[in-house]
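# sequence? don't have it. structure:
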């Protein structure tokens, strides 16, 4: 019975976190220290540096001056 209560609590917590994931992420990234940590951790991942950064900085602009 105790295991059932623990598992039910874990499932409930995960479902609430999933439901409010964007609100929680925005609240966490509003703190400058946490935002800096998230950016530095993500920049240390090779797949992000290899795939995403070139597409961000090499986009061509369609607007004319």
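Yep, that arrived. Quick caveat, the model's predicted, so the values are computed rather than measured. Numbers count the residues shown, from 1 in each chain.
# so how far does stretch 16-30 reach from one end to the other?
By C-alpha to C-alpha, to the nearest Å, the extent of stretch 16-30 from end to end equals 20 Å.
# Can you get me the centre-to-centre distance for that stretch and its chain?
9 Å (C-alpha atoms, centre = their mean, to the nearest Å).
# Neighbours of residue 52, how many?
13 (other C-beta atoms under 10 Å). In short, each C-beta sits where N, CA and C put it, glycine included.
# same thing with residue 24?
13.
# Report the contact partners of it.
residue 17 (C-beta atoms under 8 Å, 6 or more residues apart in numbering).
# switch to numbering from 224
Understood, numbering begins at 224; the last thing we discussed is residue 247.
# How about the backbone phi and psi for residue 253?
With angles defined as degrees, to the nearest 10, residue 253 sits at phi -70, psi -20.
# mind listing what it touches?
Shown in contact with residue 253 (C-beta under 8 Å, 6+ apart): no residues.
# Find me the pLDDT at the most centrally placed residue in the chain, would you?
Residue closest to the average C-alpha location in the chain (C-alpha atoms, centre = their mean): residue 248, at 6.4 Å. Each residue has a pLDDT score; the one for residue 248 is 90.
# what do you get for residue 282?
The predicted local confidence for residue 282 is 61.
# now residue 285
Per the predicted model, pLDDT is 59 at residue 285.
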